[in-house]
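Visitor: For reference, the sequence and a predicted model appear below.
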Amino acid sequence: MKKILITGGAGFIGSHVVRLFVTKYPDYHIFNLDKLTYAGNLANLTDIENAPNYTFVRGDIVDADFINELFETHQFDGVIHLAAESHVDRSITEPMAFVMTNVVGTCNLLNAAKNTWKASGYEGKRFYHVSTDEVYGELHNPEDFFLETTPYDPRSPYSASKASSDHFVRAYGNTYKLPIVITNCSNNYGPNHFPEKLLPLMINNILHSKPLPVYGKGENVRDWLFVVDHARAIDTVYHAGKEGETYNIGGFNEWKNIDIVRLVCKTMDSKLGRPEGTSEQLITYVTDRAGHDLRYAIDATKIMNELGWKPSLQFEEGLEKTVDWFLNNQEWLDNITSGNYKEYYDKMYS
Ligand code: NAD
Ligand code: DAU
């Protein structure tokens, strides 16, 4: 049975990757390593928590001794690394947390993988690093897209920490011949999205008739992909991606922030039976994010042509599914906004 370590599996994207691997590959044993920071929530995984091929491990990737021991004990065949500090706004107020988890934590995993795998000549091993389109900087010309060859130009502490981790992963591939692969993905949306990020924040605030804070003039552009399609892409690249390669993942689905917020308002009004235009009145323009990147847009041609992956959902369908999920899981939202979920796990794991 292959043993695969997935880091950050209690978070937004990680929970979808863990679920996909546990259910699709009964001959793999999936270890989910997560520190359960404010962003980690085991309620994201209740449907698979008792699966015989699944083990949850609470731990910190910044703790090198713990990581080395974990690799020694379990002799993993592969790593899919998602654990990270992921929110740009938090990186502006507390950048060192991003340096520690995203850079030092990634290097600890690289060292542990190198040291446990080198005796076997890395045969059958794979270190998969999950990264972001933000490493490429921002776009101004509407005709431009991020390609795998676009030079790195990170502009926030978050994107600088992710760019640094990408460089370390490539350096270990080049220097130690560690069998690595990297993907850089655009903005995800869908179930389990933590309500500090744009779409779930807007959904939660509309539910409670609270102001909808749009940064600056709402002109910034993001390229949105349904999270399950990202998980499918990770499955594809883990199994079929070429060693040492990078693949961009995105939905060719660009939206100005103000337009996507208006669409969420319209969808929510219709679902909640409120007159159209009710939620739009909550839109409030607020001070812009410091160093706010103007536009991200991924060219995902390489993964589509070489590996045959493509998004399965049209955006309107994905957004409707997402809104329905949040409306049907208001307890999930309330447990986060009240902080109850943290108290529960802190007691359970202390
Ligand atoms: P998230 O914040 O929802 O989840 C991160 C998870 O990592 C949490 O469960 C958290 O507890 C865990 N974690 C944090 N620090 C840890 C540590 N020191 N040790 C162990 N676990 C730790 O993040 P997400 O949005 O699911 O993003 C997952 C990955 O995908 C990140 O690497 C992120 O950079 C990347 N990514 C995210 C997006 C997006 O739109 N959300 C897009 C592209 C790439
Ligand atoms: O592009 C991929 C990245 O997408 C990931 O690497 C990050 O982990 C993920 O958090 C996301 O980063 P963004 O900064 O693009 O996501 P966020 O949801 O924070 O913001 C989306 C856009 O909406 C951005 O232009 C800022 C704006 N925004 C955000 C919030 C939280 C607002 O206007 N108001 C808000 O309240």
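Guide: Cool, got the structure. Ligands and ions are numbered 1, 2, ... in the order given.
Visitor: Can you tell me which residues in the stretch 1-150 of the chain are near ligand 1?
Guide: 7-8, 10-14, 34-37, 39-40, 60-62, 82-86, 101, 105, 130, 132 (Cβ under 6 Å from any ligand atom). Quick note: C-beta positions are derived from backbone N, CA and C, even for glycine.
Visitor: low-scoring stretches of the stretch 1-150 of the chain, by residue?
Guide: Within the stretch 1-150 of the chain, no stretch falls below the threshold (pLDDT under 70).
Visitor: Right, and ligand 2 sits closest to which residue of it?
Guide: residue 132 (3.1 Å; Cβ to the nearest ligand atom).
Visitor: Excluding sequence neighbours, find me the nearest residue to that residue.
Guide: residue 162 (5.2 Å; Cβ to Cβ, 6 or more residues apart in numbering).
Visitor: Do a quick rundown of the helices in the chain.
Guide: Using DSSP state H, the helices found in the chain span residues 12-24, 64-74, 88-93, 95-98, 106-117, 157-176, 198-207, 227-240, 257-272, 301-307, 315-328, 330-338, 340-349.
Visitor: Confirm for me that residue 333 is in contact with residue 326.
Guide: Yes - taking Cβ atoms under 8 Å as the definition, residue 333 is a contact partner of residue 326 at 6.4 Å.
Visitor: Compare these two (neighbour count), which wins?
Guide: Per other Cβ atoms under 10 Å, whichever of residue 333 and residue 326 has more neighbours is residue 326, with 23 against 18.
Visitor: and the nearest residue to residue 146 once chain neighbours are set aside, how many neighbours?
Guide: Leaving aside its sequence neighbours, residue 146 sits nearest to residue 136 (Cβ to Cβ, 6+ apart; 4.3 Å). Look at residue 136: counted by other Cβ under 10 Å, it has 25 neighbours.
Visitor: still on that earlier bit, what is in contact with residue 333 and residue 326 at once?
Guide: Common neighbours of residue 333 and residue 326, counting by Cβ atoms under 8 Å, 6 or more residues apart in numbering, are 200, 204, 207.
Visitor: burial measure for the closest residue in space to the last one that isn't next to it in sequence, as a count.
Guide: This means residue 207. Nearest non-adjacent residue to residue 207, counting by Cβ to Cβ, 6+ apart: residue 330, 7.0 Å away. Counted with other Cβ under 10 Å, the neighbours of residue 330 add up to 11.
Visitor: Could you shift the numbering so residue one becomes 515, and keep it that way?
Guide: All right, first residue 515 from here; so that's residue 844.
Visitor: near ligand 2, which residues of the chain?
Guide: By Cβ under 6 Å from any ligand atom, the part of the chain that sits against ligand 2 consists of 600-602, 646-648, 700-701, 711-712, 715, 727-729, 734, 736, 771, 803, 810.
Visitor: Any of those buried? List them.
Guide: Neighbour counting with 16 or more other Cβ atoms under 10 Å marks 600-602, 646-648, 700-701, 711-712, 715, 727-729, 734, 736, 771, 810 as buried within the residues of the chain next to ligand 2.
Visitor: In strands, which of the residues you listed appear?
Guide: Using DSSP state E, the subset of those located in strands is 646, 701, 727-729, 736.
Visitor: Which one of the residues in the stretch 765-864 of the chain is closest to ligand 2?
Guide: Of all residues in the stretch 765-864 of the chain, residue 771 sits closest to ligand 2, at 4.6 Å by Cβ to the nearest ligand atom.
Visitor: and the nearest residue to that residue once chain neighbours are set aside, how many neighbours?
Guide: Distance criterion Cβ to Cβ, 6+ apart; nearest residue to residue 771, sequence neighbours excluded, is residue 732 at 4.6 Å. Residues lying near residue 732 (other Cβ under 10 Å) number 16.
Visitor: With residue 665 instead?
Guide: Neighbour tally, residue 665, other Cβ under 10 Å: 7.
Visitor: Apart from its chain neighbours, what residue comes closest to it?
Guide: Residue nearest to residue 665 in three dimensions, not counting chain neighbours: residue 650, with 7.7 Å by Cβ to Cβ, 6+ apart.
Visitor: before we move on, what about residue 706?
Guide: On the basis of Cβ to Cβ, 6+ apart, the spatially nearest residue to residue 706 that is not a chain neighbour turns out to be residue 558, at 4.6 Å.
Visitor: which residues does residue 797 contact?
Guide: Applying Cβ under 8 Å, 6+ apart, the residues near residue 797 are 725-726, 728, 772, 775-776, 779.
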